[in-house]
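J.: Just the structure for this:
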Amino acid sequence: MAKLGLVGLGNLGRALGEQLSKASLVVFDRHAAKTLENAVTVASVADVVARSTTVVSCVPDDAAATAVADELLSAAKPGLLHVSVSTLSPVCATDLERKHQEAGVGFVAAPVFARPENMRAGQASFALSGGDAALRQRAIDEALSHAAPAERCFDFGDSAGAAAAAKLTGNFMIAGAIEALAEGLDLAEGHGLDRQQVLRMLTSTIFDCAIYRGYGDRIARRDHSEGGFSMANGLKDARLIRDAAAATRTAMPLGAHLAASFEIAAMDPNISHLDWSALALHVAGLAGAPPTPAPPGTRWDGHPSSSATSRR
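T.: The predicted structure follows:
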C-alpha cells in the first residue's frame, strides 16, 4: 500500500507530485487524462484514501478544497492525515479543520509558497498550522519533506486558519511587488531607459530577492506565458485578501486597489489567459497584449509616453 496520496494535478500539483513521487505515491485528478509518471493513478479520492495513510491536496480554491475534503472524509479510515497545500480563506481552513476533527481525521493546513518552476527547483516553502505539533511534524516527515527542507516549513500553531492567513499575507505582498515592478519599470522606460538594464541594477543591489528577480524578469521582458500562476488564481487570492481584511477591520488600501485591478484584468480577453504577472499589462494601460514572451529589447507603442498616433 502506498503511504502517500496526492489529489490535484494542476500546474502546481503536478510539480509537487514530481517531488512527492520520490516516495511511493498514488494520485488522482478530476480530469482523467492527467496522470503522473512514477505514480499510481486511481479513479477517485476514495481510491487515494484506500491506498494512503497521508493524503496531500493541491486544488485551486475553497469550493474545490471543500469538495475534496467531503469525499475524503466519507472514505476516511483511522489514522488518516489530510494535508492541504492550497491557498484557502482562513474561514474555509477553519471549517475544514472542524469537519476533520468531527470525523476523527487529522488535518493540517500547509499552503505552499512556490510557482511550478520553483517547486521543481526545490525552492518551495510551507506555512503550517492545525492539529497539534506532533501532527504537523508528521505532515513534514511523510509529505512536505520531499518538497522542502525542515527550515522552509514554518509552524504557526494549532489553528488551521493561521497558516491560511500567513499565505494570504505573503500573496498580498507578491501582488504588491508585481504592481510596484510594473509601475517602476514603466516609469524608467518612459524616460528612455532600458527596463531590463534598470531591473538588473535593482535586483543586484537594493531589491536582491527572489520575488523581485523572478517577477521582475517576467515584467521587464513582458513574458507572461501561461503555465505558472493564472490570472484567475490571482483574482481569487486578491478577493480572499480583501475579505480577510474586512473580517478583521484591517485597513488595506493597496489590497483594495489590487483587488479592483485584478477584477478588470481578469475580464480582459487579451490578458485573462496569461500568468497573473500580466497584471503589469493592465497597469501599463495597453490597449492589447503584446506577444508573450516579448522579443528582447522591445519597446511597446502602447507605453503611456508614446504618441496617440503610435497607439492606434
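
J.: what's the burial count for the residue nearest to Pro116 when sequence neighbours are not counted?
T.: The shortest distance from Pro116 to any non-neighbouring residue, by CB to CB, 6 or more residues apart in numbering, is to Ala15 (4.0 Å). All C-beta spots, glycine's among them, are computed from the backbone N, C-alpha and C. Residues within reach of Ala15, counting by other CB atoms under 10 Å, total 23.

J.: The one 4 residues further on now?
T.: Each residue near Gln19 was counted by other CB under 10 Å, and the total is 20.

J.: Does it touch Leu144 like I think?
T.: No. Judged on CB atoms under 8 Å, Gln19 makes no contact with Leu144 at a distance of 9.4 Å.

J.: Need the residues touching each of the two.
T.: Common neighbours of Gln19 and Leu144, counting by CB atoms under 8 Å, 6 or more residues apart in numbering, are absent.

J.: In terms of pLDDT, where does Ala124 sit?
T.: Ala124 carries a pLDDT value of 97.

J.: how near is it to Pro116?
T.: Ala124 is 10 Å from Pro116, where distance means CB to CB, to the nearest Å.

J.: And those two? Which one has more around it.
T.: Comparing Ala124 with Pro116 by other CB under 10 Å, the one with more neighbours is Ala124, at 24 against 18.

J.: Show the contacting residues for the more buried one.
T.: So Ala124 contacts 16, 19, 112-114, 118, 147-148, 152 (CB under 8 Å, 6+ apart).

J.: Once you drop chain neighbours, what's closest to it?
T.: Leaving aside its chain neighbours, Ala124 sits nearest to Ala114 (3.7 Å; criterion: CB to CB, 6+ apart).

J.: Would you check that Ser261 makes contact with His282?
T.: Yes. Between Ser261 and His282 there is a contact at 6.1 Å, judged by CB under 8 Å.

J.: which other residues reach stretch 137-157?
T.: With contact meaning CB under 8 Å, 6+ apart, stretch 137-157 is reached by 3-4, 16, 19-20, 22-23, 53-54, 56, 81, 83, 106, 108, 110, 112, 114, 119, 122, 124-129, 131, 133, 136, 162-163, 166.

J.: Give me the ChimeraX select line for those, limited to the buried ones.
T.: A single ChimeraX command selects the buried members of the contacts of stretch 137-157 (16 or more other CB atoms under 10 Å):
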select :4,16,19,20,53,54,56,81,83,106,108,110,112,114,119,124,125,126,127,128,129,131,136,162,163,166
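
J.: Make sure Val108 is indeed in a strand.
T.: Yes. Secondary structure of Val108 (DSSP: H, G, I helix; E, B strand; the rest coil): part of a strand.

J.: need the contact list for it.
T.: Going by CB under 8 Å, 6+ apart, Val108 touches 81-84, 128-131, 135-136, 139, 160.

J.: do the same with Asn233
T.: Going by CB under 8 Å, 6+ apart, Asn233 touches 60, 87, 276.

J.: about what we covered before: state the distance from the residue nearest to Pro116 to Ala147.
T.: Using CB to CB, Ala15 is found at 9 Å from Ala147.

J.: Report the set of residues contacting both of these two.
T.: Common contact partners of Ala15 and Ala147 (CB under 8 Å, 6+ apart): 114, 119.

J.: ok, the residue nearest to Pro116 touching Gln123?
T.: No. Assessed by CB under 8 Å, Ala15 is found out of contact with Gln123, at 10.9 Å.

J.: list the residues that contact both of those two?
T.: Common neighbours of Ala15 and Gln123, using CB under 8 Å, 6+ apart, are Ala114.

J.: which residues of the stretch 1-150 of the chain fall in helices?
T.: Under the criterion DSSP state H, counting those that start in this stretch, helices of the stretch 1-150 of the chain are mapped to 11-20, 45-51, 62-74, 90-103, 116-120, 133-142.

J.: got the ones you listed as JSON lines, with mean pLDDT and distance to Gly255 columns?
T.: JSON lines is the format used below for the helices of the stretch 1-150 of the chain (pLDDT from 0 to 100; distance: least, CB to CB, whole Å):
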{"stretch": "helix 11-20", "mean pLDDT": "96", "distance to Gly255": "23"}
{"stretch": "helix 45-51", "mean pLDDT": "97", "distance to Gly255": "34"}
{"stretch": "helix 62-74", "mean pLDDT": "98", "distance to Gly255": "18"}
{"stretch": "helix 90-103", "mean pLDDT": "98", "distance to Gly255": "15"}
{"stretch": "helix 116-120", "mean pLDDT": "95", "distance to Gly255": "24"}
{"stretch": "helix 133-142", "mean pLDDT": "97", "distance to Gly255": "28"}
